[in-house]
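Chemist: Take a look and give me a structure for this.
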Amino acid sequence: FTSSALYGCMFPFKRTYQADLDTFGEMSVPRGAGAVYLAVPVAIIAIFIHPNLNSDFLSDVAWTYAMYLESVALIPQLYMFQKQTTGVVELLTAHFVAALGFGRVMEFCFWVYSYHELANSAGSRLPGYLALFSQFMQLVLMLDFFWYYFVAVKNATPLVLPSHSGISMV
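Modeler: Residues are numbered from 1 along each chain as shown. The predicted model follows:
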């Protein structure tokens, strides 16, 4: 599946890429590599704060990194939404992001009941609290989008995000 998705992005659908809007975090990194500003801090946090699930450092950190990274993965997409001059979000993209957001709501509900099971080797529940916090922060980041999506679906109109003139959603 991954190879077919990569093929689709590189060849048949390459013309749909909006390079002028995809500028998230491009201050001191090559064009298109702005996600490093999310990936590196998340990796550092995962290395130092992770649960002791099976006494294997590498798998514990990898699982934790994936979970924490998933919490910030939509930030570049929300940033691109804000960079659009018209503010109109394509219908399929809006539904996709809303479906991802709904999945995050369900994941948050899961972690509300399960966070206490994540503990490190010393017995600290900090990894569980951080898992819960990361899920909560992801929902907070998406609140603005959720509201405008709800209004657009309720009124059967296109999803239009307001221009914040210097202040963005993320």
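Chemist: Check which helices and strands the lowest-mean-pLDDT helix or strand in the chain sits against.
Modeler: Lowest on mean pLDDT, DSSP states H and E among the helices and strands of the chain sits helix 75-83, with a mean of 81. Contacts defined by 3 or more CB pairs under 8 Å, 6 or more residues apart in numbering; DSSP states H and E place helix 75-83 against helix 126-155. Where you see a C-beta, it was placed from the backbone N, CA and C, and this is true even at glycine.
Chemist: For residue 61, see how far away residue 127 is.
Modeler: The gap separating residue 127 from residue 61 is 11 Å, by CB to CB, to the nearest Å.
Chemist: And the least confident helix or strand of the chain, how far out from the chain middle?
Modeler: 11 Å (CA atoms, centre = their mean, to the nearest Å).
Chemist: quick one, strands of this protein?
Modeler: Ranges of strands in the chain, per DSSP state E, are 88-89, 159-160.
Chemist: and these as CSV, adding mean neighbour count, distance to residue 3 and mean pLDDT?
Modeler: Listed next are the strands of the chain as CSV, based on neighbours: other CB atoms under 10 Å; distance: least, CB to CB, whole Å; pLDDT from 0 to 100:
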stretch, mean neighbour count, distance to residue 3, mean pLDDT
strand 88-89, 18, 28, 87
strand 159-160, 18, 31, 88
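Chemist: can you redo those strands as JSON lines with distance to residue 150?
Modeler: Compiled in JSON lines, the strands of the chain are given as follows (distance: least, CB to CB, whole Å):
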{"stretch": "strand 88-89", "distance to residue 150": "13"}
{"stretch": "strand 159-160", "distance to residue 150": "10"}
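Chemist: per-residue confidence at the residue with the largest distance to the centre of the chain?
Modeler: Most distant from the centre of the chain: residue 122, at 29.9 Å, with distances by CA atoms, centre = their mean. At residue 122, the predicted lDDT confidence score is 79.
Chemist: Likewise for residue 55?
Modeler: Reported pLDDT for residue 55: 78.
Chemist: Please determine how far the nearest residue to it once chain neighbours are set aside is located from residue 142.
Modeler: In space, and not counting its chain neighbours, residue 55 is closest to residue 121: 7.7 Å by CB to CB, 6 or more residues apart in numbering. Residue 121 sits 33 Å away from residue 142, going by CB to CB.
Chemist: out of the two, which sits in the busier spot?
Modeler: Set residue 121 next to residue 142 and count neighbours by other CB atoms under 10 Å: residue 142 wins out with 23 against 11.
Chemist: Quick check, the more buried one in contact with residue 102.
Modeler: No: if you go by CB atoms under 8 Å, residue 142 and residue 102 don't touch, sitting 9.9 Å apart.
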